[in-house]
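# What follows is a predicted protein model with its sequence.
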Amino acid sequence: MKNRKKVLIIYTGGTIGMKKTDKGYAPVSGFFKEALSRIDDLARDDVPLWELYEMSPLLDSSDMTVSEWNSIAEVIYNSYSDYDGFVVLHGTDTMAYTASALSFILDGLDKPVVLTGSQIPLSEVRSDGRDNLITSLIIAGDGVVGEVCLYFSGKLLRGNRATKMSADDLVAFDSPNYPHLADVGITIKYNYSAIAEGSDGGISLKPLSNVPIGVLKVFPGIQFSLFESIMTDKLSGIVLETFGAGNIPGGGGELIPIIKRAFSCGSVVAVCSQCPSGTVSLGAYETSSALKGAGAVSGADMTTEAAVAKLYYLFSIGIDKSEIKERMEQNLRGELTLI
C-alpha cells in the first residue's frame with residue numbers, strides 16, 4: 001500500500017462542529033473531535049491520514065477579524081512542512097472573506113488549503129458536513145490544487161473568487177466570474193486549465209495589519225453627504241459597490257468631491273459591482289467616468305470579499321498609496337481577470 005497523505009484539519013468554529021444548546025447552536029470546545037470519532041469512513045485507507053487542530057477560542061464566523069485570519073495562516077505556515085495539505089473548517093457567513101485573506105497572507109503557497117463547512121451541523125442526521133469534510137480531505141491530500149480554495153456541495157472554487165450565494169441552500173457558494181477548479185460527482189474532475197501553478201520559491205507569511213477599511217453600497221436615492229464624516233483620512237481603504245459596470249446615481253455630484261478629498265488624505269477607493277457576475281469598467285459610461293477622474297480604481301471582476309482582503313494586504317506590506325492604486329488593478333493571486 002502506498003504511503004497515505006497527511007492533512008491537518010484546522011477547526012475554527014462554525015456550523016459544521018456546533019452543538020445544540022438551550023440558546024441555539026454554538027461552538028463548544030472538544031465537541032467536534034467527539035463528532036469526528038463517530039465517522040468510521042475517516043479511518044479508511046483511501047482517506048488521507050489527518051490530525052485535528054482546534055483554534056481557541058472557537059468562533060461563529062460573524063466574529064472573525066483580521067487577527068483570526070492571521071492566526072489561521074500562522075498555524076498553516078508553522079506546520080507547513082509536516083503536512084501535504086490543509087482543511088480549514090469555518091462558518092459559512094464569512095468563509096469567502098477568510099479564503100480571500102488567506103490567499104494574500106500565504107505567499108508562495110504550493111499545497112492545497114481547502115476551506116469548507118456546512119449548512120447543517122455534523123451532529124445532525126441530515127448534515128451536509130460529512131461529504132464536505134471527507135471530499136475536502138481527499139482534495140487536500142491529492143495535492144493537485146496548490147492554492148487557497150473553497151469546497152462546498154460538489155464545487156471546488158478558487159478561494160478569492162468565491163462568494164456566498166444562499167443562506168439556506170446546501171449549494172451555498174459559487175464563483176460567478178471564474179470557472180470551478182473541480183466539479184465533484186462520482187469522481188473528482190479537476191479543471192486543470194483553471195488551477196494556478198504552484199510556487200516553487202517557498203512559502204512566506206504576509207500578516208495583515210488591522211487598517212481601517214470600509215464598504216459602501218450605493219442604492220437609489222442615497223444621500224452621500226451622510227457618509228462624508230467617515231470617508232476621511234481615518235479610513236485607509238474604501239470598497240464602493242456601484243451599479244452595473246461602475247455607475248453611480250446623479251452623475252456623482254455629491255460623491256465625487258468626497259472621493260477626491262478622501263484620496264488626497266491617503267485613502268484608496270476601489271470600485272466593485274453589485275452584480276455577482278460581470279466586471280467594472282470605469283469610463284464605459286458617463287456616470288462612471290467621474291469616479292475614474294476622482295482617483296478611484298477599478299476592482300474589475302473582483303468580489304467585494306477579495307477587494308477588502310486585497311486592500312488589507314496592500315496597506316500591510318509597506319508600499320505607498322500610488323503603488324497600492326496600481327496593484328489593486330493588477331492580478332496578484334488570481335483574484336481578478338485582466339482585460
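In hand now; what should we look at? Residues are numbered from 1 along each chain as shown.
# ranges for the strands of the stretch 1-150 of the chain?
6-11, 18-21, 24-27, 49-54, 85-89, 106-107, 113-116, 148-152 (DSSP state E, counting those that start in this stretch).
# Give me the domain ranges for the chain.
Following automatic domain parsing, the chain resolves into domains at 6-205, 213-328.
# Could you dump the strands of the stretch 1-150 of the chain into CSV with distance to V211 added?
All C-beta spots, glycine's among them, are computed from the backbone N, C-alpha and C. Shown next, in CSV, are these (distance: least, C-beta to C-beta, whole Å):
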stretch, distance to V211
strand 6-11, 25
strand 18-21, 32
strand 24-27, 28
strand 49-54, 28
strand 85-89, 23
strand 106-107, 18
strand 113-116, 23
strand 148-152, 21
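# Determine which of those strands approaches A43 most closely.
strand 49-54 (9.4 Å; C-beta to C-beta).
# Can you show me the CA trace of the closest one as PDB?
The C-alpha atoms that make up strand 49-54 are tabulated as PDB, following Å, rounded to 0.1, in the frame of the first residue of the first chain:
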ATOM      1  CA  LEU A  49      -4.300  10.500   7.500                       C
ATOM      2  CA  TRP A  50      -5.400  13.500   9.400                       C
ATOM      3  CA  GLU A  51      -4.900  15.400  12.600                       C
ATOM      4  CA  LEU A  52      -7.100  18.000  14.200                       C
ATOM      5  CA  TYR A  53      -6.100  21.400  15.500                       C
ATOM      6  CA  GLU A  54      -8.800  23.300  17.300                       C
END
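# for it, which positions count as buried?
L49, W50, Y53, E54 (16 or more other C-beta atoms under 10 Å).
# With distance to E335 and mean pLDDT as extra columns, can I get the domains of the chain in JSON lines?
JSON lines is the format used below for the domains of the chain (distance: least, C-beta to C-beta, whole Å; pLDDT from 0 to 100):
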{"stretch": "domain 6-205", "distance to E335": "4", "mean pLDDT": "94"}
{"stretch": "domain 213-328", "distance to E335": "4", "mean pLDDT": "88"}
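# Tabulate the ones you listed (TSV), appending distance to L338.
Below are these laid out as TSV (distance: least, C-beta to C-beta, whole Å):
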stretch	distance to L338
domain 6-205	12
domain 213-328	8
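# With G334 as the reference, name the closest of the ones you listed.
Comparing these by C-beta to C-beta, domain 6-205 comes nearest, at 5.2 Å.
# Just the endpoints, please. Distance across the closest one?
Start-to-end span of domain 6-205 (C-alpha to C-alpha, to the nearest Å) is 22 Å.
# Which strand residues bridge L52?
I9 (DSSP bridges).
# thought it was touching K33?
Yes. Applying C-beta atoms under 8 Å, one finds L52 in contact with K33, separated by 5.8 Å.
# Now do stretch 289-298: distance to the chain's middle.
Its chain's C-alpha centre and that of stretch 289-298 lie 26 Å apart, by C-alpha atoms, centre = their mean, to the nearest Å.
# rewinding a little: between which two of the buried residues of strand 49-54 is the distance greatest?
L49 and E54 (17.7 Å).
# who wins for proximity to L336 among the domains of the chain?
Short answer: domain 213-328, nearest of these by C-beta to C-beta, at 4.4 Å.
# Endpoints of the closest one, how far apart?
With C-alpha to C-alpha, one end of domain 213-328 sits 14 Å from the other.
# the strands in the stretch 151-300 of the chain, which residues?
Under DSSP E, counting those that start in this stretch, the stretch 151-300 of the chain gives strands at 155-158, 163-164, 173-174, 182-184, 188-190, 204-205, 213-217, 237-242, 268-273, 297-298.
# Show me what the fifth one pairs with in its sheet, parallel or antiparallel.
Based on DSSP bridges, the pairing partners of strand 188-190 within the sheet are strand 182-184 (antiparallel).
# Contacts for the partner strand, please.
Contacts to strand 182-184, defined as C-beta atoms under 8 Å, 6 or more residues apart in numbering, come from residues T135, I139, V144, V145, Y151, G154, K155, L156, I188, K189, Y190, N191.
# repeat that with 6 Å
For strand 182-184, contacts defined as C-beta atoms under 6 Å, 6 or more residues apart in numbering pick out T135, G154, L156, I188, K189, Y190.
# got it, and stretch 144-159?
99, 102-103, 109-116, 136, 162, 170-173, 175, 178, 180-182, 184, 190, 195-196, 198, 334.
# which of these count as buried?
Buried, going by 16+ other C-beta under 10 Å: 99, 102-103, 109-116, 136, 162, 170, 172-173, 175, 178, 180-182, 184, 190, 195-196, 334, out of those.
# Pull out the buried positions in stretch 18-35.
Buried residues in stretch 18-35 (16+ other C-beta under 10 Å): M18, Y25, P27, F31, F32, A35.
# Quick one: end-to-end distance for that stretch.
For stretch 18-35, the end-to-end distance is 10 Å (C-alpha to C-alpha).
# swap in stretch 205-219?
38 Å.
# swap in stretch 76-95?
17 Å.
# repeat for stretch 49-64
End to end - C-alpha to C-alpha - stretch 49-64 spans 28 Å.
# got the contact list for it?
Residues contacting stretch 49-64 (C-beta under 6 Å, 6+ apart): 4, 6-14, 27, 33, 75, 90-91, 93-94.
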